[in-house]
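In: structure, please.
(one chain, ligands or ions: 1)
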Amino acid sequence: MSVRAKLFSAMVVLIVFMTGVFFVISHVYMENMFRQFAVATREADAQQWAVMLSYYYQKNGGTWRDVDKYVRQINEQKLSSGRETGLERLAIVDQDHHVIYSSKTSPHITQKEILSHGVEAPIIVGGRKIATLSVLDRDLEREYRLQEKILQSMAKAAMTGAVATGLVALLIGAWLTRRLTRPLQLLLDAIQRISQGDLRLKLPTDSRDEFGRVASAFNQMADQLAKAQEVRRHLVADVAHELRTPLTIIQGQLELIQQGVRKPDPETLLPIQDECMRLSRLVDDLHQLTLAEAGVLPLEVAPVDIVSLVQRVVDNFQVEADERDIRLAMRAESETAYAAVDANRMTQVFVNLVGNAIRYTPAGGRVTVVVREERGEVQIAVEDTGPGISEEHLPHLFDRFYRVEEARSRGNGGTGLGLAIAKEFVEAHKGRIEVKSQVGAGTVFTVFVPALRRWPQERASH
Ligand code: ADP
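Out: Numbers count the residues shown, from 1 in each chain. Next up, the predicted model:
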């Protein structure tokens, strides 16, 4: 059953229920009003009858024999004395609910009517109730007929009203359910189109209700999906592009060997090996990056002293820096700086940053790594006196395969993934990475990771 049908049926049920309740309440209320009015005016008369009948019962030796004659007699007396009540119809019911006496009935007035509409009074003998008397006089009879007529016409009016309002309510309900479920239908259509690959569609977000919010959340989701699709498309194109160069080199070298132009000596094989190494690095880097981007990078987090971790990285680059005539130094503003990180992944981050700094800084330059702890964060700045990066490149620097200078990066053996990996790894540790650069002056990459305050003390106490 569709939501529209459900809403519509709920409205129909509600309308029918409300009409029914209104009808029953007004009916009961009217009936009670009549009864109260009838009882109030005739109670004394019924009481008088009950007393007379109780008297008759006792006088008759505790039996109701010939009670009909007695009732007729009294009625006649009442008539001849000019009482206006007219002929009264009586019914006596004993304690076992047996009808002991009932006035003559006619098609107009039945025994049941006397019992149900008549004014009741108890017949008491010796302080004990022996029967119940119901008295229905002509006026009361007329009143009941009137009541019935009124109730009937009320029922008719209620019915007509209910049908008319019901119809209007149903029309409004149909319009309302259509209006309410329209955004849902639009959403359904949009989902179907998305599943068919159309990600450019937009839902209208002009309404301020929940549907408007769902629509804007949906549009955001479609945007994200479109972006993800775009990224994936680019990734495949980029990877294909990255693989082409080393494969072309390997293929070319191998063809030369096959044609006998070159001998397979170590000198000829070296570029092939280089390209193989670059390929395997590329595959490794891509794997790490994909894991990090998907948020499933396995991290072995432990308290690590960042000062000594960075020191080890700097020490390992010392030889390469010397070879390139670059002064590589490290400065720590405190003896230790602890952070909860995966030591291997963080080492990878600093290898990428320090490696880049050394590779892109010309001979005679300086690369300095500064570690400090500030505002609950360990900050590691890798500063160089290299060529700097112009402002237009800075926003894309951490994108995969983004290179400021294509030829130079390749010449340095870069895969174009170093900074993308550094960023993903740092973010996996709930940290961040920033870059500041000035063309001609140098570049500073700063990594921020949350500091671990209590570790050194705890460690000292052990
Ligand atoms: P690559 O493998 O090409 O070095 P990265 O992701 O590590 O890839 O770096 C992206 C680009 O950023 C590099 O190609 C380079 O142009 C630029 N870059 C990175 N670090 C520096 C730096 N310290 N100085 C100048 N340019 C840099």
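
In: tell me if residue 184 really is in a helix.
Out: Yes: per DSSP: H, G, I helix; E, B strand; the rest coil, residue 184 lies within a helix segment.

In: surely it and residue 3 touch.
Out: Yes: here residue 184 lies in contact with residue 3, judged by C-beta atoms under 8 Å, at a distance of 6.3 Å. Glycine gets a C-beta too; all of them are placed from N, C-alpha and C.

In: okay, helices next: where are they in the stretch 1-150 of the chain?
Out: Applying DSSP state H, counting those that start in this stretch to the stretch 1-150 of the chain gives helices spanning 3-59, 67-80, 111-117, 138-195.

In: now swap in the stretch 301-450 of the chain and tell me
Out: Taking DSSP H, counting those that start in this stretch to define them, one finds helices in the stretch 301-450 of the chain at 306-323, 343-360, 406-411, 418-428.

In: joint contacts of residue 184 and residue 3?
Out: Counting by C-beta atoms under 8 Å, 6 or more residues apart in numbering, residue 184 and residue 3 have no contacts in common.

In: which residues does residue 218 contact?
Out: 187, 190, 203.

In: one more time with 6 Å, if that's ok
Out: Listed by C-beta atoms under 6 Å, 6 or more residues apart in numbering, the contact set of residue 218 reads residue 203.

In: pull the number of nearby residues for residue 339.
Out: When neighbours are counted by other C-beta atoms under 10 Å, residue 339 registers 23.

In: picking that back up, which of the helices of the stretch 301-450 of the chain has the lowest mean pLDDT?
Out: Least confidently modelled of the helices of the stretch 301-450 of the chain is helix 406-411, at a mean of 66 by mean pLDDT.

In: and the residue of the stretch 101-250 of the chain found nearest the ligand, what helix or strand is that in?
Out: Proximity to the ligand, evaluated over the stretch 101-250 of the chain using C-beta to the nearest ligand atom, is greatest for residue 242 at 10.4 Å. Using DSSP states H and E, residue 242 falls within helix 210-258.

In: beyond that helix, next helix or strand please.
Out: Using DSSP H and E, the first helix or strand after helix 210-258 is helix 266-293.

In: pLDDT of that next one, averaged?
Out: 88.

In: buried stuff in that helix?
Out: 269, 272, 275, 278-279, 282, 285-286, 288-289, 292-293 (16 or more other C-beta atoms under 10 Å).

In: then stretch 56-66?
Out: For stretch 56-66, the neighbour count (16+ other C-beta under 10 Å) marks 56-57, 64 as buried.

In: run through the bridge partners of the closest residue to residue 343 other than its chain neighbours.
Out: Spatial nearest neighbour of residue 343, excluding adjacent residues (C-beta to C-beta, 6 or more residues apart in numbering): residue 304 at 4.9 Å. On the basis of DSSP bridges, residue 304 is bridged to residue 339.

In: same question, residue 99
Out: residue 93.

In: tell me how far it lies from the ligand.
Out: 107 Å (C-beta to the nearest ligand atom, to the nearest Å).

In: is the ligand within reach of stretch 441-454?
Out: Yes: on the criterion C-beta under 6 Å from any ligand atom, stretch 441-454 is in touch with the ligand at residue 443.

In: so what touches that stretch?
Out: By C-beta under 6 Å, 6+ apart, stretch 441-454 touches 303, 338-340, 353, 373, 376-386, 388-389, 426, 429, 431-437.

In: identify each buried residue in that stretch, please.
Out: For stretch 441-454, by 16+ other C-beta under 10 Å, it's 442-449, 451-452.

In: which residues sit in contact with residue 61?
Out: Residue 61 touches nothing, counting by C-beta under 6 Å, 6+ apart.

In: if we can go back for a sec, any idea how far the helix holding residue 242 is from the chain center?
Out: On the basis of C-alpha atoms, centre = their mean, to the nearest Å, helix 210-258 sits 33 Å off its chain's mean C-alpha point.

In: report the angle between that helix and helix 138-195.
Out: For helix 210-258 against helix 138-195, the angle by axes from the mean of the first three to the mean of the last three C-alpha atoms, to 10 degrees is 20 degrees.

In: what's the angle between helix 210-258 and helix 266-293?
Out: Angle of helix 210-258 versus helix 266-293, following the same axes, to 10 degrees, is 170 degrees.

In: what's the mean pLDDT across helix 210-258?
Out: On average, helix 210-258 scores 87.

In: let's have the buried residues of helix 266-293 in JSON lines, adding distance to residue 70.
Out: Converted to JSON lines, those look like this (distance: C-beta to C-beta, whole Å):
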{"residue": "269", "distance to residue 70": "140"}
{"residue": "272", "distance to residue 70": "136"}
{"residue": "275", "distance to residue 70": "132"}
{"residue": "278", "distance to residue 70": "129"}
{"residue": "279", "distance to residue 70": "126"}
{"residue": "282", "distance to residue 70": "122"}
{"residue": "285", "distance to residue 70": "119"}
{"residue": "286", "distance to residue 70": "116"}
{"residue": "288", "distance to residue 70": "115"}
{"residue": "289", "distance to residue 70": "113"}
{"residue": "292", "distance to residue 70": "110"}
{"residue": "293", "distance to residue 70": "108"}
